[in-house]
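In: I would like to see how this sequence folds:
(chains A and B)
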2 protein chains.
Amino acid sequence: MRPIITAFESSPDRGRGLARDFRVRWAFEEVGQPYDVRLVSFDAMKQPAHLALHPFGQIPTYEADGLVLFESGAVVLHIARRQPGLLPEDEAACARAVSWLFAALDTVEPPIVELSMTAILERDEPWYEARRPMLEQRVRQRLAQLAARLGEAEWLDGAFSAGDLMMVTVLRRLGGSGLLDEHPSLAAYVARAEGRPAYRRAFADQLAAFKQSFGIDPARSM
Amino acid sequence: MRPIITAFESSPDRGRGLARDFRVRWAFEEVGQPYDVRLVSFDAMKQPAHLALHPFGQIPTYEADGLVLFESGAVVLHIARRQPGLLPEDEAACARAVSWLFAALDTVEPPIVELSMTAILERDEPWYEARRPMLEQRVRQRLAQLAARLGEAEWLDGAFSAGDLMMVTVLRRLGGSGLLDEHPSLAAYVARAEGRPAYRRAFADQLAAFKQSFGIDPARSM
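Out: Numbers count the residues shown, from 1 in each chain, chains lettered A, B, ... in the order given. Sure, this is the predicted structure:
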């Protein structure tokens, strides 16, 4: 049985690979695990059938052999522990890679999400311009610390790991803000990850799913 | 060698067990692992010696047998995987407990932290009162979803796990907001966890550390 994950039927990111199913798609590709995707509408995400899989009504979920998981961090970690390719065999190095996975989600991502959510939800509020520099500063602090630790290294701790995978998906959410470009080493780190064959396959697949939802023939419009 | 963790020398929570070292202390107590604590000042947290342990200059860190970890989620998971007491032996149940640990950190905690940070950093800003209902609503949505899933159960998925440990530490950050009390089942869930002997030992230890930093004799002031 191939694992089944859920993803947005109509992703708000319009196929840019920023939705959280992308992390799981990429992880599957890195370890060479075939999988299936079930697309869910925003309405379906609020219904009992989906809430039984994901208590908070989000995507992605993971189903395989009767096991149901939710949270992209948990699913990526589950995939990484079951098959080689995303975590070092050495126990200490493996634990350090997991530290980076949590750092991506719990220290680097929150200010980035807050900045982008504010730009979507509060752009027309009178306080938007006044608050924006403060929110950008929180992101800048994390980026500077991350760049200081990465230095000239290719990846965060030795070989590419689930920690890098998660960190890159988080940094990509900075999109057109220009903040990532203030650190050429971080922009290069993201570009390096985007060049991986597994990344490219996962990206093409989520883009095809988005285009299909909108009736665009992927073979003709790429 | 006992593991060594770092904690605030002068915790901003004034010994209420809300700093992130508490999660790790509690995990150690649940599995029966003795540990040592090194207290660090806010100035020391910005220095190279601490940044070598934690790239983002935060607490807690974990050191044992040459291994250095950071991020409370990663450290709790590391402790839970090495010794019995915090993760089910059954592989599927274990993976589900890890889903809950990530849900606590990545879905429930961000709106709670945003609400409390705003109350600290933006209370005097002209927009504070206007934004607060929106921030509270984000927390309320997560609490309602969590309460719906918990139902009448004692813990989130079978026996008490690292997922419950993390969720309870996240919910405790709601403090005096009154939001937790809107869901008596969640308030009871937190109270049930606070009654665990391991929780009580961890709480007493962090309180003693706080009082010692301020020259208060714990034996006399408790």
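
In: Most distant residue from the centre of chain A?
Out: Outermost residue of chain A with respect to the C-alpha centroid, by CA atoms, centre = their mean, is A:Pro126; its distance is 31.4 Å.

In: Would you mind confirming that that residue is in contact with B:Trp127?
Out: Yes: A:Pro126 is in contact with B:Trp127 according to CB atoms under 8 Å; the separation is 7.3 Å. Quick note: C-beta positions are derived from backbone N, CA and C, even for glycine.

In: other SSEs contacting whichever strand or helix holds A:Ala144?
Out: A:Ala144 is part of helix A:128-150, with elements assigned from DSSP states H and E. Secondary-structure packing of helix A:128-150 (3 or more CB pairs under 8 Å, 6 or more residues apart in numbering or on different chains; DSSP states H and E): helix A:109-121, helix A:184-194, helix B:48-51.

In: what is the rounded mean pLDDT of that helix?
Out: Regarding helix A:128-150, the rounded mean pLDDT is 97.

In: anything in the helix or strand just after that helix near chain B?
Out: Per DSSP H and E, the first helix or strand lying C-terminal to helix A:128-150 is helix A:162-171. No: residues of helix A:162-171 contacting chain B under CB under 8 Å from any CB of the partner chain: none, with a closest distance of 9.5 Å.

In: show me the contacts for the closest residue to A:Lys46 other than its chain neighbours.
Out: In space, and not counting its chain neighbours, A:Lys46 is closest to A:Gly57: 5.5 Å by CB to CB, 6 or more residues apart in numbering or on different chains. A:Gly57 sits next to A:45-46, A:50-51, B:145 when contact means CB atoms under 8 Å, 6 or more residues apart in numbering or on different chains.

In: Now tabulate those in CSV and tack on neighbour count and distance to B:Gln206.
Out: As requested, those are arranged in CSV below (neighbours: other CB atoms under 10 Å in any protein chain shown; distance: CB to CB, whole Å):
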residue, neighbour count, distance to B:Gln206
A:Met45, 20, 39
A:Lys46, 11, 40
A:His50, 19, 39
A:Leu51, 15, 36
B:Gln145, 19, 30
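
In: Give me the domain ranges for chain A.
Out: Domain ranges of chain A: A:4-85+A:198-216, A:91-196, per automatic domain parsing.

In: how long is the longest one from one end to the other?
Out: According to CA to CA, to the nearest Å, domain A:91-196 extends 25 Å from its N-terminal end residue to its C-terminal end residue.

In: Can you give the distance from it to the centre of its chain?
Out: 11 Å (CA atoms, centre = their mean, to the nearest Å).

In: sorry, back to before: let me know the closest of the contacts of A:Gly57 to B:Pro3.
Out: B:Gln145 (34.9 Å; CB to CB).

In: Now for the closest one: which residues touch it?
Out: Counting by CB under 8 Å, 6+ apart, B:Gln145 touches A:51, A:55-57.

In: Apply 10 Å and report the result again.
Out: Neighbouring residues of B:Gln145 by CB atoms under 10 Å, 6 or more residues apart in numbering or on different chains: A:51, A:54-58, B:103, B:107-108.

In: ok, back up a step: same list (the domains of chain A) but as JSON lines, adding distance to B:Val190.
Out: Output for the domains of chain A, formatted as JSON lines (distance: least, CB to CB, whole Å):
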{"stretch": "domain A:4-85+A:198-216", "distance to B:Val190": "17"}
{"stretch": "domain A:91-196", "distance to B:Val190": "21"}
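
In: B:Phe8 is nearest to which of the ones you listed?
Out: The closest approach between B:Phe8 and any of the domains of chain A, judged by CB to CB, belongs to domain A:91-196 at 16.4 Å.

In: Distance to A:Trp155 and mean pLDDT added to the helices and strands packed on helix A:128-150, as JSON lines?
Out: Below are the helices and strands packed on helix A:128-150 laid out as JSON lines (distance: least, CB to CB, whole Å; pLDDT from 0 to 100):
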{"stretch": "helix A:109-121", "distance to A:Trp155": "18", "mean pLDDT": "95"}
{"stretch": "helix A:184-194", "distance to A:Trp155": "8", "mean pLDDT": "98"}
{"stretch": "helix B:48-51", "distance to A:Trp155": "19", "mean pLDDT": "98"}
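
In: which stretch among those comes nearest B:Gly66?
Out: With CB to CB, the closest approach to B:Gly66 among those belongs to helix B:48-51: 16.3 Å.

In: just checking, what packs against that closest one?
Out: For helix B:48-51, the packing partners by 3 or more CB pairs under 10 Å, 6 or more residues apart in numbering or on different chains; DSSP states H and E come out as helix A:128-150, strand B:36-40.

In: Let's have those in JSON lines, adding distance to A:Leu39.
Out: Output for the helices and strands packed on helix B:48-51, formatted as JSON lines (distance: least, CB to CB, whole Å):
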{"stretch": "helix A:128-150", "distance to A:Leu39": "31"}
{"stretch": "strand B:36-40", "distance to A:Leu39": "48"}
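
In: Out of the ones you listed, which gets nearest to B:Glu136?
Out: helix A:128-150 (17.6 Å).

In: Just the angle for the closest one relative to helix A:109-121, thanks.
Out: 150 degrees (axes from the mean of the first three to the mean of the last three CA atoms, to 10 degrees).

In: now helix A:128-150 against helix A:184-194, angle please.
Out: For helix A:128-150 against helix A:184-194, the angle by the same axes, to 10 degrees is 80 degrees.

In: what's the nearest residue to A:Ala95 if we skip its chain neighbours?
Out: B:His78 (5.3 Å).

In: Tally up the residues packed near that neighbour, please.
Out: 23 (other CB atoms under 10 Å in any protein chain shown).
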